[in-house]
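Asker: quick one: sequence plus predicted model below, questions after.
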Amino acid sequence: MSALHTPACDLLGVRYPIVQTGMGWVAGARLAAATSSAGGLGVVASATMTYDELKRAIAEVKDRTGNPFGVNLRSDHAEIDRFVALMVTEKVRVASFAQAPNAALIARLKDAGVVCMPTIAAPRHAEKVVAMGVDAVIAQGQEGGGHTGQIPTSLLLPRVTAMVDVPVMGAGGFHDGRGLVAALAWGASGVAMGTRFLLTKESTVPDQVKARYLAAALTDTVVTRAIDGAPQRVIRTSLVDRLSSGPSALVMARAAGNALRLRRLTETSLGGLVREGLAMKRNGELTWAQVAMAANAPMLTRATMVEGRLEAGILPTGQVTGLIDELPTVAELIESIVEQARATLARLAAVTDAAGVE
């Protein structure tokens, strides 16, 4: 059995222990199907979809590949019950999560035979979801893109793998075969990657946005709470700088003004936007500036990642974007990761043999 065939491969039904994460506005049917076809696990991001959109996406993935795939969920989505029923009916293999799941949701999915794999950013979170009965976890280190934690991958991954008895996928900073081997050395069963799959030919992100990612250096990302109140890693832009600095009243005015300016990108009325913001204020410890942004943050991201409006200024990314300089196909990417991982393992084995280490 190859060292690259891990428990995660059997659990997820894949050839290689490589997961494409559920990135809102990015991880659609085309990207997910390409990943699954190439031997990894493709994941459709449903958090920004309606029920009908998810139904079409699942059908498209199944038309493109017969291999297992997953759907990424938000447990507070207005149509979560219908989403779960659809996944069960369509025999979707894996449910991943954009936020912490609840025990009832996990139980419902597991009873239907759906593999549950949430993302966590701290050891205590791993213990909590494993106690709920999840089948695997994705441990995302601080280097990861979008909403992320405070612990670097190199510290989080070995800690989590030592604490839980389910397969752990490492996320945050992975992009090649050497990283896959490192994750295995830390006790993981594979890797999950977002930014690396975003920067492929099958990704539907506009070319000018991909070019901005490719041009970014390792120091061009920041983690900020100014977007929606939670720590989020994004490419540093003038909008992020403006929202992250200055007197609170000024930041609030800038945030609210930007939310209203881009409200036309949604079908949300002004009253609906206000109600959503008030609900966020009641349910979380957010400043009014953060509320103004949080209510519209998904649309700001959509304006950039779907419509190519770089001036919207919200580009979620892993720090690894500073190491990526090409746009392969998904099949080429996975093949190169596997080949490099095998070469790395062979090189390490040769060093061990030469040193006479048993």
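Answerer: Here it is on my side, so go on.
Asker: low-confidence ranges in this structure?
Answerer: In the predicted model, the chain carries pLDDT under 70 at residues 1, 246-296, 357-358.
Asker: redo that, cut-off 80
Answerer: 1, 99, 226-229, 239, 242-300, 312-313, 352-358 (pLDDT under 80).
Asker: show me the domain layout of it.
Answerer: Following automatic domain parsing, one finds the domains of the chain at 7-205+323-355, 217-316.
Asker: from those domains, which stretch is densest packed?
Answerer: Ranked by mean neighbour count, these are led by domain 7-205+323-355 with a mean of 20 (mean count of other Cβ atoms under 10 Å). (C-beta placed from N, C-alpha, C; glycine too.)
Asker: which residues in this structure form strands?
Answerer: Remark: strands assigned in the chain by DSSP state E are 18-20, 42-45, 69-73, 94-97, 115-120, 137-140, 146-147, 168-171, 190-193, 221-224, 232-235.
Asker: what sits against the residue nearest to the spatial centre of the chain?
Answerer: Centroid check for the chain by Cα atoms, centre = their mean gives Thr21 as the closest residue, at 4.1 Å. With contact taken as Cβ atoms under 8 Å, 6 or more residues apart in numbering, Thr21 is in contact with Ala27, Val43, Asn72, Ser96, Thr119, Ile138, Ala171, Ala192, Met193, Gly194, Phe197.
Asker: and the two most separated of the residues you listed?
Answerer: Maximum pairwise distance among the contacts of Thr21 (Cβ to Cβ): 15.0 Å, between Thr119 and Phe197.
Asker: who's in contact with Leu11?
Answerer: Val115, Asp135, Ala136, Pro167 are the contacts of Leu11 under Cβ under 8 Å, 6+ apart.
Asker: phi, psi of the closest residue to Pro7 other than its chain neighbours?
Answerer: Distance criterion Cβ to Cβ, 6 or more residues apart in numbering; nearest residue to Pro7, sequence neighbours excluded, is Pro167 at 4.8 Å. When read as degrees, to the nearest 10, the backbone of Pro167 gives phi -60, psi 140.
Asker: Pro167 touches Val191, doesn't it?
Answerer: No - the pair Pro167 / Val191 is not scored as a contact, 11.8 Å apart, by Cβ atoms under 8 Å.
Asker: the stretch 251-358 of the chain: helices as residue ranges?
Answerer: Taking DSSP state H, counting those that start in this stretch to define them, one finds helices in the stretch 251-358 of the chain at 270-283, 288-294, 297-305, 330-355.
Asker: cool, the stretch 1-150 of the chain as well?
Answerer: Counting by DSSP H, counting those that start in this stretch, the helices of the stretch 1-150 of the chain are 7-12, 29-37, 51-64, 80-89, 103-111, 123-132.
Asker: export the ones you listed to CSV and tack on distance to Met305?
Answerer: Output for those, formatted as CSV (distance: least, Cβ to Cβ, whole Å):
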stretch, distance to Met305
helix 7-12, 26
helix 29-37, 12
helix 51-64, 16
helix 80-89, 21
helix 103-111, 27
helix 123-132, 27
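Asker: closest to Ala215 out of those?
Answerer: helix 29-37 (21.6 Å).
Asker: packing partners of that closest one?
Answerer: strand 18-20, strand 42-45, helix 51-64, strand 69-73, helix 330-355 (3 or more Cβ pairs under 8 Å, 6 or more residues apart in numbering; DSSP states H and E).
Asker: quick one: the closest residue to Gly40 other than its chain neighbours from Ala38, how far?
Answerer: Spatial nearest neighbour of Gly40, chain neighbours left out: Ile18 (3.9 Å); criterion: Cβ to Cβ, 6+ apart. Distance of Ile18 to Ala38, computed by Cβ to Cβ, to the nearest Å: 9 Å.
Asker: what touches both of the two?
Answerer: Common contacts of Ile18 and Ala38, defined by Cβ under 8 Å, 6+ apart, comprise Ile334.
Asker: which residues does the nearest residue to Val164 once chain neighbours are set aside contact?
Answerer: Once flanking residues are discounted, Val164 sits nearest to Val130: 4.8 Å by Cβ to Cβ, 6+ apart. The contact partners of Val130, taken as Cβ under 8 Å, 6+ apart, are Val137, Val164, Asp165, Val166.
Asker: please tell me how far Val130 sits from Ala303.
Answerer: Distance, Val130 to Ala303, using Cβ to Cβ: 38 Å.
Asker: Glu90 too?
Answerer: 30 Å.
Asker: try Leu239
Answerer: 11 Å.
Asker: list residues touching both of these two?
Answerer: Joint contacts of Leu239 and Ala303 (Cβ under 8 Å, 6+ apart) are Ala312, Ile314.
Asker: okay, the domains of the chain in JSON lines with distance to Ala211 next?
Answerer: Listed next are those as JSON lines, based on distance: least, Cβ to Cβ, whole Å:
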{"stretch": "domain 7-205+323-355", "distance to Ala211": "9"}
{"stretch": "domain 217-316", "distance to Ala211": "10"}
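Asker: how close does Ala112 sit to Val92?
Answerer: Counting by Cβ to Cβ, the gap from Ala112 to Val92 is 10 Å.
Asker: got the CA positions of stretch 343-356 in PDB?
Answerer: Only the C-alpha atoms of stretch 343-356 are listed here, as PDB (Å, rounded to 0.1, in the frame of the first residue of the first chain):
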ATOM      1  CA  ALA A 343       9.900  11.900  -5.100                       C
ATOM      2  CA  THR A 344      10.200  13.500  -1.600                       C
ATOM      3  CA  LEU A 345       9.400  10.200   0.100                       C
ATOM      4  CA  ALA A 346      11.900   8.400  -2.000                       C
ATOM      5  CA  ARG A 347      14.600  11.000  -1.300                       C
ATOM      6  CA  LEU A 348      14.000  10.800   2.400                       C
ATOM      7  CA  ALA A 349      14.100   7.000   2.300                       C
ATOM      8  CA  ALA A 350      17.400   7.200   0.400                       C
ATOM      9  CA  VAL A 351      18.800   9.500   3.100                       C
ATOM     10  CA  THR A 352      17.700   7.200   5.800                       C
ATOM     11  CA  ASP A 353      19.200   4.200   4.100                       C
ATOM     12  CA  ALA A 354      22.500   6.000   3.500                       C
ATOM     13  CA  ALA A 355      22.600   6.900   7.200                       C
ATOM     14  CA  GLY A 356      21.900   3.300   8.200                       C
END
